[in-house]
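Engineer: build me a model:
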Amino acid sequence: MPFSSLSFRAALIGVAVAALAPASAASALPTDSVVMAGSRPAEPVNDSLSGRSGKLKARIVSPRRDGSIRILKQLFGDAAAQRPGIYHASDSATGKRFSLINLLPFQARERGKLGSYRVGFWPGERRSAWASNKAPEGFIEVTADNQDTPLSEHFRIRDFLTHDQQAVWPKYLVLREALVDKLELLISDLQSRGYRVGAMTVLSGFRTPQYNAQGVGRKGGRATDSRHQYGDAADVFVDSDGDGRMDDLNRDGRIDTRDAKVVLESVERIESKYPDLIGGAGLYRATSAHGPFVHVDVRGSRARWGRI
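Structural biologist: Presented below is the predicted three-dimensional model:
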């Protein structure tokens with residue numbers, strides 16, 4: 001849907017401002033509260049419509065983000081506010097397209113499922129002490145038709161989907177924009193250091209709790225409280241040559257954790273410049289199933305693991 005340049009920019013800037021403004025429900029949370037993926041309504045104050053990276057091509061709107069639903073109505077009508085989905089707008093002056101993603105409410109889930117799609121239950125959710133403010137903000141409803149929607153310059157919705165239930169549509173995704181922004185910053189920083197980065201592959205993005213539980217323990221290597229369940233973590237590797245493995249970034253003729261360490265060094269640089277994007281980072285060695293990779297998240301506190 002095309003809009004005049006002025007109305008388009010004014011409305012979308014409003015979305016960015018809404019993403020920055022704390023929602024009333026979350027503003028009362030203690031700073032050490034464990035908040036589910038997407039439930040943090042306030043992105044850092046130095047954010048902008050296209051993020052710190054300048055590469056974002058989509059923004060999330062929801063009732064928890066003050067004013068964002070109003071802006072969705074302004075651009076697409078009242079019905080859009082009641083209908084979860086992905087709405088595309090274009091600036092008539094520049095021709096650039098931007099997407100607004102209206103989330104399916106967390107409450108739409110029934111017995112751990114959304115329609116035919118199995119989601120499961122988050123750690124501690126079925127305990128009486130589990131607070132509703134720990135619930136995800138909502139889910140992105142992903143269809144076969146919209147899965148290729150760009151989230152940013154290098155990433156699409158399908159990159160972060162859980163790797164199961166291949167024949168089931170629609171699928172559902174929990175994702176924080178800050179993670180996508182951090183990954184774009186990671187690519188830019190590597191490029192600024194002279195490394196060729198044409199593509200970054202997401203080995204694992206969002207994991208539904210039921211999928212994550214299948215790999216918990218020594219054999220599967222997943223943590224019960226894995227950040228992947230919260231939509232703010234991704235396992236990634238640089239794959240500019242498209243061979244499905246980490247590139248030889250340090251050019252020593254081998255593909256190993258020393259190449260992953262190059263990526264980790266850029267994570268450190270990004271978190272130093274943007275403390276609000278601080279999170280976990282870990283190095284993982286190659287196995288018979290995959291090459292070396294780096295875990296990156298935006299949990300809000302520093303964590304490091306893995307050795308070269």
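
Engineer: going forward, measure contacts and count neighbours with C-alpha atoms only.
Structural biologist: OK.

Engineer: just how off-centre is stretch 116-134 within its chain?
Structural biologist: 20 Å (Cα atoms, centre = their mean, to the nearest Å).

Engineer: distance across it, terminal residue to terminal residue?
Structural biologist: End-to-end distance for stretch 116-134, by Cα to Cα, to the nearest Å: 24 Å.

Engineer: next, the buried residues of it.
Structural biologist: By 16 or more other Cα atoms under 10 Å, the buried positions in stretch 116-134 come out as Tyr117, Arg118, Val119, Gly120, Phe121, Trp122, Asn133, Lys134.

Engineer: stretch 258-269 too?
Structural biologist: Arg258, Asp259, Ala260, Lys261, Val262, Val263, Leu264, Ser266, Val267.

Engineer: what pLDDT does the last one get?
Structural biologist: With respect to pLDDT, Val267 has a value of 98.

Engineer: the first one too?
Structural biologist: At Arg258 the predicted local confidence, pLDDT, stands at 97.

Engineer: that one and Asp252 touch, don't they?
Structural biologist: No - using Cα atoms under 8 Å, Arg258 and Asp252 do not qualify as a contacting pair, with a distance of 9.2 Å.

Engineer: what about the helices in the stretch 1-150 of the chain?
Structural biologist: 5-20, 24-27, 68-76, 78-82 (DSSP state H, counting those that start in this stretch).

Engineer: let me know whether Ala143 touches Ala167 as I believe.
Structural biologist: Let me fix one detail, which is that residue 143 is Thr and not Ala. No - assessed by Cα under 8 Å, Thr143 is found out of contact with Ala167, at 11.1 Å.

Engineer: can you pull out the strands in this structure?
Structural biologist: 2-3, 58-61, 85-91, 97-102, 113-114, 117-118, 140-142, 171-173, 200-204, 233-238, 280-284, 293-297, 303-305 (DSSP state E).

Engineer: can you add distance to Gly194 and give those strands back as JSON lines?
Structural biologist: Shown next, in JSON lines, are the strands of the chain (distance: least, Cα to Cα, whole Å):
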{"stretch": "strand 2-3", "distance to Gly194": "38"}
{"stretch": "strand 58-61", "distance to Gly194": "28"}
{"stretch": "strand 85-91", "distance to Gly194": "34"}
{"stretch": "strand 97-102", "distance to Gly194": "30"}
{"stretch": "strand 113-114", "distance to Gly194": "45"}
{"stretch": "strand 117-118", "distance to Gly194": "43"}
{"stretch": "strand 140-142", "distance to Gly194": "36"}
{"stretch": "strand 171-173", "distance to Gly194": "34"}
{"stretch": "strand 200-204", "distance to Gly194": "16"}
{"stretch": "strand 233-238", "distance to Gly194": "14"}
{"stretch": "strand 280-284", "distance to Gly194": "21"}
{"stretch": "strand 293-297", "distance to Gly194": "19"}
{"stretch": "strand 303-305", "distance to Gly194": "25"}
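
Engineer: compare those and say which comes out lowest on pLDDT.
Structural biologist: strand 2-3 (a mean of 52).

Engineer: just for the chain, where's the confidence low?
Structural biologist: 1-47, 66, 91-94, 128-129, 131-133, 217-221, 308 (pLDDT under 70).

Engineer: cutoff 50 now
Structural biologist: Confidence mapping of the chain against pLDDT under 50 gives the ranges 3-6, 20-46.

Engineer: tell me how far Phe106 lies from Asp259.
Structural biologist: Distance from Phe106 to Asp259, by Cα to Cα: 39 Å.

Engineer: what about the nearest residue to Arg97 once chain neighbours are set aside, how many neighbours?
Structural biologist: Among residues not flanking Arg97 along the chain, Ser90 sits closest, at 4.3 Å (Cα to Cα, 6 or more residues apart in numbering). Residues lying near Ser90 (other Cα atoms under 10 Å) number 18.

Engineer: ok so, going back, quick one: which two of the buried residues of stretch 116-134 are the most distant?
Structural biologist: The span of the buried residues of stretch 116-134, defined through Cα to Cα, is set by Tyr117 and Asn133 at 23.3 Å.

Engineer: I'd say the residue nearest to Arg97 and Ala58 touch.
Structural biologist: No - look at Ser90 against Ala58 with Cα under 8 Å: they stay out of range, at 11.8 Å.

Engineer: find the residues that touch each one of the two.
Structural biologist: Phe98 (Cα atoms under 8 Å, 6 or more residues apart in numbering).
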